[in-house]
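1. Structure for the following, please:
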Amino acid sequence: MLQGGVRTAALASLAAGALILVGIGQASAQEAGPVNLRGQIQAVDGNTLTVRERSGQTIKLVMGEKSGFSTLVKASLADIKPGTYVGTAAEPLPDGKLKAQEVLIFAPGQRPGEGHGPWDLTPRSTMTNADVGGVVTMAQGAELKLKYKDGEKTVVVTPDTPIVTFTRPDKSLLKAGTHFSGVGQKQADGSYTVVRISVGKDGLVPPM
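-> Just a heads-up that it's a prediction; the model follows:
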């Protein structure tokens with residue numbers, strides 16, 4: 001996820017799928033992998049979005065025919081049950097557990113990037129995409145037992161943890177003021193071709 005909200009393709013491989021995106025020369029730009037981008041749309045001109053990235057930079061994102069698009073809405077802890085497939089950015093706790101910074105609930109059948117690895121939400125963040133093996137309710141929040149093919153993690157979810165999920169895609173939300181999270185491929189002119197982008201509905205700021 002580079003400077004500010006930008007990082008490497010390895011991180012992008014665990015993205016929310018949903019879920020999240022200038023030039024030394026054309027060869028160098030093409031060799032660089034997809035990166036994660038987050039921010040707010042400032043203006044729209046056809047298929048080009050002018051956005052303010054969380055690093056403070058103003059950059060251009062270009063939507064193409066193959067660009068993935070999704071819309072996010074708020075969800076709740078009650079929507080997370082055993083068997084649910086989730087993605088969660090989290091930070092390590094002293095006892096070996098993880099404290100969730102956000103939880104993204106995937107729709108049935110969606111299973112992108114199963115596993116655990118580094119993430120770029122904050123310097124110590126990790127990303128875990130896994131099945132929920134169990135939910136242990138606590139006085140304040142819950143512990144999720146997450147199981148993936150190479151291991152398992154216990155993730156603590158507090159009442160303040162943002163929980164989101166996908167809803168019907170609504171491209172009318174690609175407008176000034178909408179917050180986004182996405183993955184983009186940097187081009188030689190400094191713009192980014194959108195690999196995929198998720199936008200928040202009703203003012204939601206995608207938290208991943």
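2. Give me the distance from stretch 114-127 to the chain's centre.
-> 11 Å (C-alpha atoms, centre = their mean, to the nearest Å).
3. What's the end-to-end length of that stretch?
-> One end of stretch 114-127 sits 10 Å from the other (C-alpha to C-alpha, to the nearest Å).
4. Enumerate the positions of that stretch that are buried.
-> For stretch 114-127, a neighbour-count test (16 or more other C-beta atoms under 10 Å) marks 114, 116, 119-121, 125-127 as buried. (C-beta placed from N, C-alpha, C; glycine too.)
5. Likewise for stretch 181-191?
-> Applying 16+ other C-beta under 10 Å to stretch 181-191 flags 181-187, 191 as buried.
6. and those residues as a markdown table, adding secondary structure, distance to E143 and pLDDT?
-> Below are the buried residues of stretch 181-191 laid out as a markdown table (DSSP: H, G, I helix; E, B strand; the rest coil; distance: C-beta to C-beta, whole Å; pLDDT from 0 to 100):
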| residue | secondary structure | distance to E143 | pLDDT |
| --- | --- | --- | --- |
| S181 | strand | 25 | 98 |
| G182 | strand | 30 | 97 |
| V183 | strand | 30 | 98 |
| G184 | strand | 35 | 98 |
| Q185 | strand | 37 | 97 |
| K186 | strand | 39 | 97 |
| Q187 | coil | 43 | 96 |
| S191 | coil | 43 | 97 |
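7. Out of the residues you listed, which two are the most distant from each other?
-> Spanning the widest gap among these are S181 and Q187, at 19.8 Å by C-beta to C-beta.
8. thinking again about what came up before, tell me the one of the buried residues of stretch 114-127 nearest L49?
-> For the buried residues of stretch 114-127, the nearest to L49 is D120 (20.7 Å; C-beta to C-beta).
9. Now do the same for A16: its pLDDT.
-> pLDDT for A16: 42.
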